[in-house]
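1. got a predicted structure plus its sequence, pasted below:
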Amino acid sequence: MSGPDHATATSAALAEQAARQLVVDSALIAFAALALALPVYALLRSAGVRTLNFGRVRTDRLGWPDLAVACTMVALLVAMMAGNAAPPTDQDGQPGQAPSAQPQEAVIGWHQPALAALSADTIPPGSDPAPDPVTHESPATADVHDPLQGESTEPGSAGDTRSPSGLGIWFSAVFWGTVSLAVILYLGRIRGLPVISWMGLSNLHPGRTIGVALLALLVTLPIVFAAAAGFNRFVLEPYWPDLGAQEAVKLFMTSSDLGLRIALIISAVIVAPLAEELLFRGFLYPAIKRFTDPVFAMLCTALLFAAVHNNLPALVPLFILGIAFAIVYEYSGSLWTPIWMHALFNLTSIVLMLLGSGAPPPEPLPGDFAITTPAVAP
């Protein structure tokens, strides 16, 4: 890579790093606020001060052990985010330098060690890759033989299964499916709660549930779009003008692989709503509400929900959505309502994106298990 190009890449990488760190700081703020609020609310209640209490989300039978489990889960998420946002280093370990320009720039944040063997060899910054001694082709342009597909594929293309793009989608689905199962098993088997009825999942009434979710979405969407536009105008453009489209979105829009596109849609419309709502609204929200109040629990879980997506342009819109999801959960008493609202939002975003309206893309899965690259964001 030439000098000017390398300087541009360095600047973009450092800007992306700063953006990620700001998201991590947001999660740390939510966690710190929770740690400070718990003793304050405990003192208020011991002094006989009444705190807010409204809505239909059940908090009965939740105790300090459940809050400890919830805080541990939050701490693990924040810790993994912080590890993924560690400052880049050069080959000499010096901080503040951009990472090498290579296919490894596109990595699945929390699975980078497991997938390192699937990436191309490291190319030192500012140097051109050495040609293959047999074919005399540069590794950057040579086709890569894919043992899983039995054919040659372009590095980083949709057909390249070595690329973290496709792998990230399935890791996302498996990981968050496991998280959902863990929440259900903990509440049902360990705590002995009737999870289905406790979360209002037995209240199917699909017509009413979807109707409430759709109405709430119609009210929330203008607020979300306005917040996204304002955040972009006053924060992103002045300080992060080079942030582009999120990698999973570019992959969805440019890939000719129908299977990959279907996998992305399934992740956004089915996996994310079920898994995230079970964790954030089904478990974390009532656990925090039990020892604080509904307003604080909404704000805290909404900020955590937005932050763990690990994407700065999505931070404010997802924060607003997180609050809206909690409100409809309190109103309906059924977790199906925020699940449907979540799914409809992602589906609406996909449709508008395909129509080229410039609407915000479907949210990435938490922790940005969707692909992240320098200067890439939704």
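-> Everything's here; your move.
2. my guess is residue 45 contacts residue 51. True?
-> Yes - checked against CB atoms under 8 Å, the pair residue 45 and residue 51 is within contact range at 6.8 Å. C-beta coordinates here come from the backbone N, C-alpha and C atoms, glycine included.
3. number of nearby residues for the closest residue to residue 173 other than its chain neighbours?
-> If the residues on either side of it in the chain are set aside, residue 173 comes closest to residue 271, at 4.8 Å by CB to CB, 6 or more residues apart in numbering. By other CB atoms under 10 Å, 20 other residues sit near residue 271.
4. likewise for residue 333?
-> By the other CB under 10 Å criterion, the neighbourhood of residue 333 contains 15 residues.
5. same deal with the one 5 residues further on?
-> One way to gauge burial is a neighbour count; for residue 338, by other CB under 10 Å, it gives 31.
6. what's the answer for the one 5 residues further on, then?
-> Residues contacting residue 343 under the criterion other CB under 10 Å number 20.
7. quick one: least confident helix or strand in this protein?
-> helix 112-115 (a mean of 33; mean pLDDT, DSSP states H and E).
8. how about residue 227, nearest residue that isn't a chain neighbour?
-> Excluding its sequence neighbours, the residue lying closest to residue 227 (CB to CB, 6+ apart) is residue 316, at 5.0 Å.
9. what helix or strand does that neighbour sit in?
-> Under the assignment given by DSSP states H and E, the secondary-structure element containing residue 316 is helix 315-332.
10. what helices and strands are in contact with the following helix or strand past that helix?
-> Taking DSSP H and E as the definition, the helix or strand that follows helix 315-332 towards the C-terminus is helix 336-354. Packing contacts for helix 336-354, counted by 3 or more CB pairs under 8 Å, 6 or more residues apart in numbering; DSSP states H and E, involve helix 206-231, helix 247-254, helix 272-276, helix 315-332.
11. could you redo the last one with a cut-off of 6 Å?
-> Using 3 or more CB pairs under 6 Å, 6 or more residues apart in numbering; DSSP states H and E as the contact test, the elements touching helix 336-354 are helix 206-231, helix 272-276, helix 315-332.
12. now do the buried residues in it.
-> Using 16 or more other CB atoms under 10 Å as the burial criterion, the residues of helix 336-354 that qualify are 336-350, 352-353.
13. show residues contacting the helix holding residue 316.
-> Helix 315-332 is touched from outside by 23, 55, 57, 212, 216, 220, 223-224, 227-228, 231, 281, 285, 298, 302-303, 305-306, 309, 337-338, 341, 360, with contacts defined as CB atoms under 6 Å, 6 or more residues apart in numbering.
14. can you flag the buried ones in these?
-> The buried subset of these (16+ other CB under 10 Å) comprises 23, 55, 57, 212, 216, 220, 224, 227-228, 231, 281, 285, 298, 302-303, 305-306, 309, 337-338, 341, 360.
15. about what we covered before: relative to residue 13, which of the helices and strands packed on helix 336-354 is closest?
-> helix 315-332 (19.7 Å; CB to CB).
16. what about the closest one, average pLDDT?
-> Here helix 315-332 scores 96 as its mean pLDDT.
17. same thing with stretch 277-292?
-> Stretch 277-292 comes out with an average pLDDT of 96.
18. measure it end to end?
-> Its first and final residues considered, stretch 277-292 spans 20 Å by CA to CA, to the nearest Å.
19. do the same with stretch 193-205
-> 22 Å.
20. please identify the buried residues of that stretch?
-> If you call a residue buried by 16+ other CB under 10 Å, then stretch 193-205 has these buried ones: 193, 195, 198-201, 203.
21. what lies in contact with it?
-> Residues from elsewhere that reach stretch 193-205 (CB under 6 Å, 6+ apart): 58, 61, 184, 187-188, 282, 333-335.
22. change it to 7 Å
-> When contacts are defined by CB atoms under 7 Å, 6 or more residues apart in numbering, stretch 193-205 is touched by residues 58, 61, 184, 187-188, 282, 333-336.
23. which among those residues gets closest to residue 252?
-> Of all those, residue 336 has the smallest distance to residue 252: 26.8 Å, by CB to CB.
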